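Novice: Here's a sequence, model it:
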Amino acid sequence: KIPNALWANLIQERLSNVDCIKQGWILEGFPENQEQAWMLQSSGIIPRHVVVLYAPDTVLIERNSGKRLDPFTEEVYHTTFDWPSDLLVQQRLVEPEDLSEQEISKKLMEYHRNFPGVFQIYQKVLKSINADQPSMDV
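Specialist: So this is what the prediction gives:
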């Protein structure tokens, strides 16, 4: 694990580059907890918008169980929602190693424990979107 202070410093350094200043930036999957959110704010990193995609845990577990990875291109596919038409790609797809139901359940428990604090910090700029619908609607 990377210490929260180091994360904040690395992110602050990257977001101070000209491209981020001119074009803006997106952080995906960060902050993961209230301490990280506070560290970002104390470093002057304050997002104008925070988007949270939500769905029931059972849906998230089911979706993760269908993920497949192309080890050649590193593209992610899904057995139900996004199956490749190319037979060669289909044959080389593998299940990602870190997506067991037990591992996903552990991550979801951690999310439910940590995110109320993150939501509280960003409540004025937070937009929650139901991800349990077709991707075009999301």
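Novice: Any figure for the gap between residue 107 and residue 92?
Specialist: Distance of residue 107 to residue 92, computed by Cβ to Cβ, to the nearest Å: 26 Å. Every C-beta, even on glycine, is put in place using the N, C-alpha and C of the backbone.
Novice: the helices in this protein, which residues?
Specialist: Ranges of helices within the chain are 4-15, 18-23, 34-42, 57-65, 87-92, 101-121, based on DSSP state H.
Novice: And the pLDDT for the residue most central in space within the chain?
Specialist: Residue closest to the mean C-alpha point of the chain, counted by Cα atoms, centre = their mean, is residue 29 at 3.6 Å. Reading off the confidence values, residue 29 has pLDDT 88.
Novice: go on, residue 102?
Specialist: Reported pLDDT for residue 102: 83.
Novice: ditto for residue 131
Specialist: 93.
Novice: Just give the number of residues close to it.
Specialist: 16 (other Cβ atoms under 10 Å).
Novice: Which residue is the nearest non-sequential neighbour of it?
Specialist: residue 53 (3.9 Å; Cβ to Cβ, 6 or more residues apart in numbering).
Novice: what's near enough to touch the one you found?
Specialist: Shown in contact with residue 53 (Cβ atoms under 8 Å, 6 or more residues apart in numbering): 129, 131, 138.
Novice: Format those as TSV; extra columns: distance to residue 120.
Specialist: Shown next, in TSV, are the contacts of residue 53 (distance: Cβ to Cβ, whole Å):
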residue	distance to residue 120
129	19
131	21
138	24
